[in-house]
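S.K.: Mind looking at a prediction? Sequence and model below.
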Amino acid sequence: MSTTVRRPAGVTFVVVLTWIVAFVDLVGGAALLWLSLNMDRVTVDIGASDLRAYGISLLAIGLLTVAMALGLAAGTQLSRVIVMILMILRIAGAIYAYVEFGDLVRWQSIGQGVAAALVIAILFTPRASAFFRSA
(Lines give C-alpha, C1' and ligand atoms only; values in the text may rest on other atoms or scores of the structure.)
Protein backbone atom coordinates (compact mmCIF):
# COMPACT_ATOMS: atom_id res chain seq x y z
CA MET A 1 0.00 0.00 0.00
CA SER A 2 1.49 3.35 -1.02
CA THR A 3 1.25 6.46 1.07
CA THR A 4 -0.19 9.50 -0.64
CA VAL A 5 2.16 12.46 -0.56
CA ARG A 6 0.75 15.95 -0.93
CA ARG A 7 1.93 17.77 -4.00
CA PRO A 8 4.83 20.02 -2.94
CA ALA A 9 4.64 23.73 -3.67
CA GLY A 10 7.63 23.33 -6.00
CA VAL A 11 5.75 20.83 -8.15
CA THR A 12 2.72 23.13 -8.24
CA PHE A 13 5.07 25.92 -9.33
CA VAL A 14 6.47 23.65 -12.06
CA VAL A 15 2.95 22.86 -13.25
CA VAL A 16 2.19 26.58 -13.49
CA LEU A 17 5.56 27.28 -15.13
CA THR A 18 4.98 24.44 -17.59
CA TRP A 19 1.64 25.98 -18.53
CA ILE A 20 3.33 29.36 -19.01
CA VAL A 21 6.05 27.80 -21.18
CA ALA A 22 3.39 26.03 -23.25
CA PHE A 23 1.49 29.29 -23.70
CA VAL A 24 4.65 31.16 -24.72
CA ASP A 25 5.49 28.41 -27.22
CA LEU A 26 2.03 28.51 -28.71
CA VAL A 27 2.00 32.30 -29.00
CA GLY A 28 5.60 32.42 -30.23
CA GLY A 29 5.01 29.66 -32.75
CA ALA A 30 1.89 31.38 -34.06
CA ALA A 31 3.76 34.70 -34.31
CA LEU A 32 6.66 33.13 -36.20
CA LEU A 33 4.26 31.32 -38.50
CA TRP A 34 2.47 34.61 -39.17
CA LEU A 35 5.81 36.33 -39.80
CA SER A 36 6.78 33.61 -42.26
CA LEU A 37 3.70 34.57 -44.26
CA ASN A 38 4.49 38.29 -43.96
CA MET A 39 8.21 38.42 -44.67
CA ASP A 40 8.08 42.16 -45.41
CA ARG A 41 7.94 42.65 -41.61
CA VAL A 42 11.05 40.52 -40.93
CA THR A 43 14.25 42.56 -40.57
CA VAL A 44 16.80 39.73 -40.24
CA ASP A 45 18.25 37.58 -42.97
CA ILE A 46 16.16 34.42 -42.80
CA GLY A 47 14.12 32.45 -45.28
CA ALA A 48 10.37 32.08 -44.97
CA SER A 49 10.61 28.28 -44.96
CA ASP A 50 13.07 28.26 -42.03
CA LEU A 51 10.91 30.67 -40.09
CA ARG A 52 7.79 28.63 -40.86
CA ALA A 53 9.47 25.37 -39.81
CA TYR A 54 10.54 26.87 -36.50
CA GLY A 55 7.06 28.30 -35.91
CA ILE A 56 5.37 24.96 -36.60
CA SER A 57 7.88 23.18 -34.36
CA LEU A 58 7.12 25.59 -31.51
CA LEU A 59 3.39 25.01 -31.96
CA ALA A 60 3.85 21.23 -31.81
CA ILE A 61 6.09 21.40 -28.76
CA GLY A 62 3.64 23.80 -27.11
CA LEU A 63 0.77 21.33 -27.56
CA LEU A 64 2.87 18.48 -26.20
CA THR A 65 3.85 20.65 -23.24
CA VAL A 66 0.16 21.29 -22.49
CA ALA A 67 -0.38 17.53 -22.27
CA MET A 68 2.63 17.16 -20.00
CA ALA A 69 1.43 19.97 -17.70
CA LEU A 70 -1.78 18.01 -17.21
CA GLY A 71 0.22 14.86 -16.43
CA LEU A 72 2.48 16.68 -13.96
CA ALA A 73 -0.55 18.04 -12.14
CA ALA A 74 -1.83 14.47 -11.82
CA GLY A 75 1.56 13.30 -10.50
CA THR A 76 2.43 10.80 -13.21
CA GLN A 77 6.05 9.66 -13.26
CA LEU A 78 5.96 9.28 -17.05
CA SER A 79 5.00 12.94 -17.43
CA ARG A 80 7.86 13.93 -15.14
CA VAL A 81 10.39 12.03 -17.27
CA ILE A 82 8.95 13.32 -20.54
CA VAL A 83 8.91 16.90 -19.21
CA MET A 84 12.57 16.62 -18.23
CA ILE A 85 13.43 15.37 -21.72
CA LEU A 86 11.31 18.13 -23.28
CA MET A 87 13.04 20.75 -21.16
CA ILE A 88 16.48 19.51 -22.23
CA LEU A 89 15.33 19.66 -25.85
CA ARG A 90 13.86 23.10 -25.16
CA ILE A 91 17.24 24.36 -23.93
CA ALA A 92 18.92 22.94 -27.04
CA GLY A 93 16.21 24.49 -29.22
CA ALA A 94 16.61 27.87 -27.55
CA ILE A 95 20.36 27.82 -28.21
CA TYR A 96 19.81 26.75 -31.82
CA ALA A 97 17.13 29.40 -32.39
CA TYR A 98 19.30 32.16 -31.01
CA VAL A 99 22.29 31.09 -33.11
CA GLU A 100 20.18 30.75 -36.27
CA PHE A 101 17.70 33.62 -35.91
CA GLY A 102 19.51 36.07 -33.63
CA ASP A 103 17.64 39.13 -32.48
CA LEU A 104 14.34 37.94 -33.94
CA VAL A 105 13.96 35.39 -31.13
CA ARG A 106 16.47 36.65 -28.56
CA TRP A 107 14.09 37.18 -25.62
CA GLN A 108 12.01 34.13 -26.39
CA SER A 109 15.17 32.00 -26.50
CA ILE A 110 16.50 33.38 -23.23
CA GLY A 111 13.14 32.98 -21.47
CA GLN A 112 12.68 29.49 -22.85
CA GLY A 113 16.12 28.34 -21.73
CA VAL A 114 15.87 29.80 -18.24
CA ALA A 115 12.36 28.46 -17.63
CA ALA A 116 13.36 24.99 -18.85
CA ALA A 117 16.41 24.89 -16.56
CA LEU A 118 14.26 25.96 -13.61
CA VAL A 119 11.70 23.22 -14.31
CA ILE A 120 14.43 20.57 -14.44
CA ALA A 121 15.97 21.77 -11.18
CA ILE A 122 12.67 21.69 -9.31
CA LEU A 123 11.65 18.27 -10.65
CA PHE A 124 14.90 16.84 -9.24
CA THR A 125 14.22 17.96 -5.65
CA PRO A 126 13.72 15.21 -3.02
CA ARG A 127 10.14 16.36 -2.25
CA ALA A 128 9.21 16.26 -5.93
CA SER A 129 10.73 12.79 -6.28
CA ALA A 130 8.72 11.55 -3.28
CA PHE A 131 5.52 13.00 -4.74
CA PHE A 132 5.94 11.34 -8.12
CA ARG A 133 6.96 8.01 -6.56
CA SER A 134 3.80 7.97 -4.45
CA ALA A 135 1.40 8.77 -7.29
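M.R.: Thanks, I have it.

S.K.: For the nearest residue to Gly75 once chain neighbours are set aside, give me the pLDDT.
M.R.: Excluding its sequence neighbours, the residue lying closest to Gly75 (Cβ to Cβ, 6 or more residues apart in numbering) is Ala135, at 3.2 Å. Just so you know, the C-beta spots here come from the backbone N, C-alpha and C atoms, and that holds for glycine as well. Here the pLDDT value assigned to Ala135 is 73.

S.K.: ok, now Met87?
M.R.: We have a pLDDT of 86 for Met87.

S.K.: top helix in this structure by residue count?
M.R.: Using DSSP state H, we find that the single longest helix of the chain is helix 9-37.

S.K.: That helix: how far from the chain's middle?
M.R.: The chain centroid and the centroid of helix 9-37 are separated by 6 Å under Cα atoms, centre = their mean, to the nearest Å.

S.K.: for this protein, what spans make up the helices?
M.R.: So, for the chain - with DSSP H - the helices run 9-37, 48-74, 77-101, 106-123, 126-134.
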